[in-house]
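Participant: Give me coordinates for this.
(one chain, ligands or ions: 1)
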Amino acid sequence: PRSVAVVGASHAAVHLADRLRAIRYPGEITLISHEDHLPYQRPPLSKAMLKGEANADSVLLRDPGYYPDHRIGLRTGVRVTGVTHVDGRYILEMVRDDVTESLEVDRLVLATGARARVLDLPGADHPDVLVLREIHDAHRLLSRIAAGPVAVIGGGFIGLEVAATARALGAPVTVIEAGDRLLARAVGPSTAETLLTAHRAMGTVVELGATPVEIVTDDDRLLGVRLADGRMIPAATVLVGVGASPRTELAEQLGLDVDGGIVVDGNCLASDGHTIAIGDCTVHVSETGRRFRLESVDNATEQAVVAASVIAGLEVPSRGTPWFWSDQGDQKLQIVGLIGGHTSALLRVDPDRPRRRVALYFADEELVAAECLNSPADFVALRSALGRGSCPSPDVLADLSVPLKKLLA
Ligand code: FAD
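Facilitator: Predicted coordinates:
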């Protein structure tokens, strides 16, 4: 194809454009983003940027000159509002500052990501009830940390990262989680328990099994969060971290299969077999019919590599084992593989350095995933062993007298 338009200009889109140029794709590439900002990394928004250790320039995905140097058209502040696919051509309708224009291309990539979920509670439209997805959200949250207690609704990755950062900045913090443990969808019980202990040690109050029913305000001032049991958690700022919903509107306009995300196959092709979708907006259906919606930088970049090969008509490289990281105060969590579907688990704790913990997950005898807390070297060894597909049996890996790295070598 002679021209590609990518809706979105974040981790997935920028990596795709980069790969296309790296494999000498000669056509036009246009990235379109409704954010009025050069493409930036999202992970620091809840970590370094919130601490003031990173700023709008240092989080950029690429220097400003990168795009013209690589003949990548970058349209920021532009929303794609409509798309049609006729006679093999896509026609995009775009709006910037109320001015409408259109763009016609041969190939369309949807890298539309996800939007932060909001709460449907009385008072939840108060301006100090915040989410964290875009750079302006991070600026706003940072400006509120000194204003008083922070209530975080949701004990997932973003909520816990913000809680740890806000504590490090001295704010009183309460995490309100409806489930009976933290990170229930993402990590196993032992890792969740260790992180719960760590957050409490940081001084965060963690309320498990707590359902918020109202954001309490007095005139215009936010006072706190009312729980179902009647208690009120005082707060000057509420951060809602209850997940993100994939942006699928354009896929729906094209009549593509959407089921909790844009459904794609291993080549990132949507149900029409031609439109490509990558990153947080997608649901990947494996050959065995298992559905994955991965929200990670790793997934965005891996799918971008696949999509670039498909667009250029090259052989599609095989994907690495999925991985993810989360920094919560002094706790560094790294996950490789997918938990869920495992049949047994094994916990390895370094007796000399108990902060280092590795939870291993097996499907029958086969290692399928691992969670490493404060053990970056073990994570690297596990990622490479899982990638090679050669891991020792659970019996061998249970031997705590031998370092994991050695067992996996
Ligand atoms: P997004 O980053 O969501 O980008 C999609 C872009 O498309 C957005 O800019 C959106 O505005 C634009 N767009 C959508 N529709 C339109 C339209 N119609 N017209 C124009 N533009 C449009 N991942 C990790 O692996 N590790 C971490 O530690 C980690 N920390 C995170 C911390 C925070 C605070 C957040 C928010 C995310 C974090 N993530 C982390 C997740 C990671 O950032 C996402 O997986 C990644 O950003 C997905 O990239 P994407 O390109 O698919 O989508």
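Participant: the strands in the stretch 201-350 of the chain, which residues?
Facilitator: Assigned by DSSP state E, counting those that start in this stretch, the stretch 201-350 of the chain shows strands spanning 205-207, 212-218, 221-227, 232-234, 237-240, 244-246, 262-264, 276-277, 282-285, 291-292, 323-328, 331-337, 344-349.
Participant: Now tell me what touches the first one from outside.
Facilitator: In this case it means strand 205-207. 155, 172-177, 182, 196, 199-200, 227, 233 (Cβ atoms under 8 Å, 6 or more residues apart in numbering). Yep, even glycine has a C-beta here, placed from its N, CA and C like the rest.
Participant: now do 6 Å
Facilitator: By Cβ atoms under 6 Å, 6 or more residues apart in numbering, the residues outside strand 205-207 that reach it are 174-176, 199.
Participant: how about the residues of the chain near the ligand?
Facilitator: For the chain, the residues found near the ligand under the criterion Cβ under 6 Å from any ligand atom are 7-8, 10-13, 32-35, 42-43, 45-46, 79-80, 111-114, 132-133, 158, 247, 250, 279-280, 295-298, 300, 324-326.
Participant: ok, 5 Å please
Facilitator: Within the chain, the positions near the ligand by Cβ under 5 Å from any ligand atom are 8, 10-12, 33-35, 42-43, 45-46, 79-80, 111-113, 132-133, 158, 247, 279-280, 295-297, 300, 324.
Participant: Setting aside sequence neighbours, what's the nearest residue to residue 54?
Facilitator: The shortest distance from residue 54 to any non-neighbouring residue, by Cβ to Cβ, 6 or more residues apart in numbering, is to residue 48 (3.8 Å).
Participant: Please tell me how far that neighbour sits from residue 161.
Facilitator: Residue 48 is 11 Å from residue 161, where distance means Cβ to Cβ, to the nearest Å.
Participant: Please identify which of those two sits among more neighbours.
Facilitator: residue 161 (23 against 17; other Cβ atoms under 10 Å).
Participant: so how far is residue 42 from the residue nearest to residue 54?
Facilitator: Distance from residue 48 to residue 42, by Cβ to Cβ: 12 Å.
Participant: now do residue 85
Facilitator: Residue 85 is 29 Å from residue 42, by Cβ to Cβ.
Participant: what's the answer for residue 111, then?
Facilitator: 13 Å.
Participant: Those two - which one has more neighbours?
Facilitator: residue 111 (31 against 21).
Participant: Please give me every residue in contact with that one.
Facilitator: By Cβ under 6 Å, 6+ apart, the neighbours of residue 111 are 6, 8, 12-13, 278-279.
Participant: Make a markdown table out of the residues you listed and add neighbour count, pLDDT and distance to residue 267.
Facilitator: Listed next are the contacts of residue 111 as a markdown table, based on neighbours: other Cβ atoms under 10 Å; pLDDT from 0 to 100; distance: Cβ to Cβ, whole Å:
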| residue | neighbour count | pLDDT | distance to residue 267 |
| --- | --- | --- | --- |
| 6 | 31 | 98 | 16 |
| 8 | 28 | 98 | 19 |
| 12 | 30 | 98 | 15 |
| 13 | 30 | 98 | 18 |
| 278 | 32 | 98 | 11 |
| 279 | 33 | 98 | 15 |
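Participant: Just name the closest of these to the ligand, please.
Facilitator: Closest approach to the ligand among these (Cβ to the nearest ligand atom): residue 279, at 2.1 Å.
Participant: does the residue lying closest to that closest one once chain neighbours are set aside sit in a helix, a strand or a coil?
Facilitator: Distances taken as Cβ to Cβ, 6+ apart place residue 12 nearest to residue 279, at 3.1 Å, with adjacent residues excluded. Secondary structure of residue 12, reduced to three states by DSSP: H, G, I helix; E, B strand; the rest coil: helix.
Participant: Filter the contacts of strand 205-207 down to just the ones in helices.
Facilitator: Residues of the contacts of strand 205-207 located in helices (DSSP state H): residue 199.
Participant: Residue 101 against residue 94, yeah?
Facilitator: Yes. At 5.5 Å, residue 101 counts as touching residue 94 under the criterion of Cβ atoms under 6 Å.
Participant: Between those two, which is the more surrounded one?
Facilitator: Ranked by neighbour count (other Cβ under 10 Å), residue 101 and residue 94 place residue 94 first, with 21 against 11.
Participant: my guess is the more buried one meets residue 80, correct?
Facilitator: Yes. Here residue 94 reaches residue 80: they are 5.3 Å apart, a contact under Cβ under 6 Å.
Participant: Off-centre distance for the one helix or strand residue 151 maps to?
Facilitator: In this assignment (DSSP states H and E), residue 151 forms part of strand 150-153. Computed by Cα atoms, centre = their mean, to the nearest Å, the chain-centroid distance of strand 150-153 equals 20 Å.
Participant: And for stretch 15-28?
Facilitator: So, by Cα atoms, centre = their mean, the centroid of stretch 15-28 is 24 Å from its chain's centroid.
Participant: Pull out the buried positions in it.
Facilitator: Neighbour-count burial for stretch 15-28, counted by 16 or more other Cβ atoms under 10 Å, picks out 15-21, 25, 28.
Participant: Out of those, list just those in helices.
Facilitator: 15-21.
Participant: As TSV, those with pLDDT would be great.
Facilitator: What follows is these, written out as TSV (pLDDT from 0 to 100):
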residue	pLDDT
15	98
16	98
17	98
18	98
19	98
20	98
21	98
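Participant: Going by distance to the ligand, which of those residues wins?
Facilitator: Nearest member of these to the ligand, counting by Cβ to the nearest ligand atom, is residue 15, at 8.1 Å.
Participant: For that closest one, list the residues it contacts.
Facilitator: Contacts here follow Cβ under 6 Å, 6+ apart; on that basis residue 15 touches 301, 304.
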